[in-house]
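Enquirer: Quick one: sequence plus predicted model below, questions after.
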Amino acid sequence: MSRAFQAPRGTLDWYGPRAALRRSVLDHARRVFESAGYGQVVTPTFEDTGVYRRTSGEGSDVVRKEMYSFQDRSGRDLTLRPEGTAGVMRAYLEHGLHRRPQPVKVWYEVPMFRYSSVQKGRYREHYQFGAEAVGSDDPGIDAELIALQARWYRNVDVTGLTLLLNSIGDDTCRPAYVDLLVAFLDEHIDELCEECRERRDTNPLRVFDCKNASCQAVLAAAPKITDHLCDACREHFAAVRAQLDARGVDYRVEPGLVRGLDYYTRTAWEWQWPALGAQSTLSGGGRYDGLAEQLGGPHTPGVGFGAGVERLVLTLEEMGAAEGVEPALDVMFAVLDDEARPRLHALMDEARAAGLRSDAAYGGRRLKRTLELASRRGAGRVVIVGEDEWGAGEATVRDMGSGEQRRVALDALVGELAP
RNA sequence: GUGGCCGUAGCUCAGCUGGUGGUAGCCCCUGGUUGUGGUCCAGGAGGUCGCGGGUUCGAGUCCCGCCGGUCACCCCA
């Protein structure tokens, strides 16, 4: 273990079956979202610090203590991407994507960086698969994103997930609700913990996040946002639910599910897998009809989510899901004659080009070892060329299942091997 | 950022109350005569006992700091 370097705290190396599982999970996600017209977007790994500072809010934990911010050699203030939505919206505004058919639907699969305390399921560099639909406030988009996620999770065979759903209103109804909530908190201020009292001043909605049992008991009687939505928000929420119902997507309305930032509006949701431990949220999403203004743009509705790749992989592993399969082999080339090697390796390239997964035993191994490797790697056939075969311009093709062998002219080898 | 537990070969682990690092298993390499596998047998490689201080005649074993892991608070994905 005494190496000069190790991976920085909170970062992960991916290799072997875990890397294969990770890729499989992402393959499924891409397929599902592209089936619904979402296209890939890649935004920069770092942005002007303001992009995140302005959107996440000065009071947020992300901005206050979790950003990887730095100055480049020209003194520009930059920050490594802590979340995906702000950069996508910035790109939407910058490139005038409002001139495209709305909504603009994109998916991304990129690393996020947050300087937070590391524990299982929470890392300083983590990957998120996310999707955003910008330019429409149609509740059908909210439901579509959730339903697509449900299909993704089903396709990767993760079960036992809980979908929490809520509407947190908008500028029309939320301020009045917050006043109501604060009034309620003031009535019970003596029964609340110190943190909740602080939240009463800073961000009243977050009191619902308190894990203190006595606080929760008090809050059970608090006014619920879902009972105080304005007509437009109530109809929007009802439409989202109706579409989810019609799609057979199960969810639980959780009035305590909130978002801390002002630009979030209406729909909010989280997928959880409780057995994961403290970091049980697999993904979080919501509508952000106020975000574009924060970036200095015109009012532009949008909705999206970010899903933790590491957490999904962890969940699958803890569920005992089949490990990702490492690339198997169709053909192993065992070239025993040095003179034959150039020609045979050229033929191996042809086999590869023809779609046969092929590899050679390198390092001058004995045939016995090569066959052992071939069977371990699942190769169906082994091409053997020693002095005999080379002299005759042929190769021996061994079927690893039956053990049968036959000689084939080198000119016809690739054709013979092709399925 | 705070607190609990932990850190011996690539991996899984032995190592009693401090006295010279394990024939351990898996993995890797080689061999069991000259070209035949999913076995078996034999051999080999691989460790500054996370790093740095301290206590001691002597520390993998005790103390401190740091690094890393893990769990919880917090926050989120």
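Expert: Sure thing, it's come through.
Enquirer: residues contacting the residue lying closest to residue A:396 once chain neighbours are set aside?
Expert: Excluding the flanking residues, the one nearest residue A:396 by C-beta to C-beta, 6 or more residues apart in numbering is residue A:384, at 4.2 Å. To be clear about C-beta, it is placed using only N, CA and C from the backbone, and glycine gets the same treatment. The contact partners of residue A:384, by C-beta atoms under 8 Å, 6 or more residues apart in numbering, come to A:334, A:336, A:367, A:395, A:396, A:397, A:398, A:405.
Enquirer: Show me what the fifth one is bridged to.
Expert: Residues found in beta-bridge contact with residue A:396 (criterion: DSSP bridges) are residue A:384, residue A:407.
Enquirer: didn't residue A:60 look like it was pressed against residue A:262?
Expert: No: with contacts counted by C-beta atoms under 8 Å, residue A:60 stays clear of residue A:262, the gap being 10.5 Å.
Enquirer: For residue A:106, see how far away residue A:47 is.
Expert: 16 Å (C-beta to C-beta, to the nearest Å).
Enquirer: neighbour-wise, which of those two wins?
Expert: residue A:106 (23 against 18; other C-beta atoms under 10 Å).
Enquirer: What helix or strand is that one located in?
Expert: strand A:104-113 (DSSP states H and E).
Enquirer: which residues in the stretch 251-400 of chain A form helices?
Expert: A:291-294, A:309-318, A:341-353, A:367-376, A:387-392 (DSSP state H, counting those that start in this stretch).
Enquirer: closest one to residue A:219 among those?
Expert: helix A:309-318 (27.2 Å; C-beta to C-beta).
Enquirer: mind listing what's buried in stretch A:234-253?
Expert: Across stretch A:234-253, burial judged by 16 or more other C-beta atoms under 10 Å covers A:234, A:236, A:237, A:240, A:241, A:243, A:244, A:249, A:251.
Enquirer: which strands and helices sit next to whichever strand or helix holds residue A:197?
Expert: Per DSSP H and E, residue A:197 falls inside helix A:194-202. Packing contacts for helix A:194-202, counted by 3 or more C-beta pairs under 8 Å, 6 or more residues apart in numbering; DSSP states H and E, involve helix A:174-187.
Enquirer: In helices, which of the buried residues of stretch A:234-253 appear?
Expert: Judged by DSSP state H, helices contain the following of the buried residues of stretch A:234-253: A:234, A:236, A:237, A:240, A:241, A:243, A:244.
Enquirer: What separation do you get for the last one and RNA strand B?
Expert: Counting by C-beta to the nearest atom of the strand, to the nearest Å, the gap between residue A:244 and RNA strand B amounts to 19 Å.
Enquirer: any idea how far the residue nearest the centre of chain A is from RNA strand B?
Expert: Central residue of chain A (C-alpha atoms, centre = their mean): residue A:129, 2.6 Å from the mean position. Distance, residue A:129 to RNA strand B, using C-beta to the nearest atom of the strand: 10 Å.
Enquirer: Assign that residue to helix, strand or coil.
Expert: Secondary structure state of residue A:129, per DSSP: H, G, I helix; E, B strand; the rest coil, is strand.
Enquirer: Show the contacting residues for it.
Expert: A:25, A:26, A:29, A:107, A:108, A:109, A:306, A:307, A:309.
Enquirer: Count the neighbours of the third one for me.
Expert: Burial measure for residue A:29: 26 neighbouring residues, criterion other C-beta under 10 Å.
Enquirer: part of a helix, is it?
Expert: Yes: counting by three-state DSSP, residue A:29 falls inside a helix.
Enquirer: so the closest residue to residue A:286 other than its chain neighbours bridges to which residues?
Expert: Spatial nearest neighbour of residue A:286, excluding adjacent residues (C-beta to C-beta, 6+ apart): residue A:268 at 4.1 Å. Judged by DSSP bridges, the bridge partners of residue A:268 are residue A:166, residue A:286.
Enquirer: Could you give the number of residues near residue A:268?
Expert: As a burial measure, residue A:268 scores 24 neighbours (other C-beta under 10 Å).
Enquirer: measure it to RNA strand B for me?
Expert: Taken as C-beta to the nearest atom of the strand, the span from residue A:268 to RNA strand B is 10 Å.
Enquirer: That residue against residue A:167, yeah?
Expert: Yes: if you go by C-beta under 8 Å, residue A:268 and residue A:167 touch, sitting 7.2 Å apart.
Enquirer: Mutual contacts of the two, please.
Expert: Counting by C-beta under 8 Å, 6+ apart, nothing touches both residue A:268 and residue A:167.
Enquirer: Just the pLDDT at the residue nearest to residue A:396, thanks.
Expert: On the pLDDT scale, residue A:384 is placed at 94.
Enquirer: Tell me how many other residues crowd residue A:404.
Expert: Using other C-beta under 10 Å, residue A:404 is surrounded by 9 other residues.
Enquirer: ok, now which ones touch the nearest residue to it once chain neighbours are set aside?
Expert: Counting by C-beta to C-beta, 6+ apart, residue A:404 lies nearest to residue A:398, which is 7.4 Å off, once chain neighbours are set aside. Neighbouring residues of residue A:398 by C-beta under 8 Å, 6+ apart: A:371, A:381, A:382, A:383, A:384, A:404, A:405.
Enquirer: neighbours around the closest residue to residue A:234 other than its chain neighbours, how many?
Expert: Spatial nearest neighbour of residue A:234, chain neighbours left out: residue A:167 (7.8 Å); criterion: C-beta to C-beta, 6+ apart. By other C-beta under 10 Å, the residues close to residue A:167 number 29.
Enquirer: looking at it, residue A:167 is touching residue A:228, isn't it?
Expert: No: with contact defined as C-beta under 8 Å, residue A:167 does not count as touching residue A:228 (10.4 Å).
Enquirer: what's the closest of the buried residues of stretch A:234-253 to residue A:409?
Expert: Using C-beta to C-beta, residue A:249 comes nearest to residue A:409 of the buried residues of stretch A:234-253, at 58.9 Å.
Enquirer: what pLDDT does that closest one get?
Expert: 95.
Enquirer: cool, residue A:324 as well?
Expert: On pLDDT, residue A:324 comes in at 53.
Enquirer: OK, now which residue of the stretch 201-350 of chain A is nearest to RNA strand B?
Expert: Closest contact between the stretch 201-350 of chain A and RNA strand B, by C-beta to the nearest atom of the strand, is at residue A:308 (3.0 Å).
Enquirer: sorry, back to before: mark which of the contacts of residue A:384 are buried, thanks.
Expert: A:334, A:336, A:395, A:396, A:397, A:398.
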